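# Sharing a model that was predicted from the sequence below.
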Amino acid sequence: MSSLPPLIATLNVAIGGAAGAALRYQTGRSITAWLGPATVGAFPWATLAVNVIGSLAMGLLFGWLARDGGTGSEQTRLLIGVGFLGGFTTFSAFSLELMLLIERGQSMTGLVYAALSVLAGLIALYLGLIIMRIAA
């Protein structure tokens, strides 16, 4: 439960979410331009990249909040963790793309995508936590 007034807490989430969603969109466009539509159409590289980067950022954020939390930590958690990273990462897009791979008969590609997404995301989050612990 937030100690911030509800309107302020909601605005933090909304502002962070808008910025995260915009960056996610631009990241997808950039990766598509870099790798080409055919490559991105065959495997959801943009979603994978965003989820791994977002997991690393979440690890860094929560490692930092655990180490140095204090004044403004609730606002930071709402703005960056819930808002920005919630808008930036794409679990719903991940789920949709995984189902599309399965429906297209690409179950093995889907399995690799799911395993890689989950494992790389967990490793990236853990690395973020370790980095923040070492930096203490």
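Done, it's in. Numbers count the residues shown, from 1 in each chain.
# residue ranges with poor pLDDT in the chain?
1-2, 70-71 (pLDDT under 70).
# so is the residue in it sticking out farthest from the centre in a helix, a strand, or just coil?
Distance from the C-alpha centroid of the chain peaks at residue 105, with 27.2 Å (C-alpha atoms, centre = their mean). Secondary structure for residue 105, judged by DSSP: H, G, I helix; E, B strand; the rest coil, is coil.
# Use 46 as the first number for this chain going forward.
Yep, numbering from 46; the last one is residue 150 now.
# Could you report the neighbour count for residue 79?
For residue 79, the count of nearby residues is 11 (other C-beta atoms under 10 Å). Every C-beta, even on glycine, is put in place using the N, C-alpha and C of the backbone.
# Now do the same contact list for it.
Shown in contact with residue 79 (C-beta atoms under 8 Å, 6 or more residues apart in numbering): no residues.
# And it, how far from residue 108?
Distance, residue 79 to residue 108, by C-beta to C-beta, to the nearest Å: 30 Å.
# Please name the spatially closest residue to residue 118 (chain neighbours excluded).
Counting by C-beta to C-beta, 6 or more residues apart in numbering, the nearest residue to residue 118 once its immediate chain neighbours are dropped is residue 110, at 5.3 Å.
# And residue 176, by the same measure?
residue 105 (6.4 Å).
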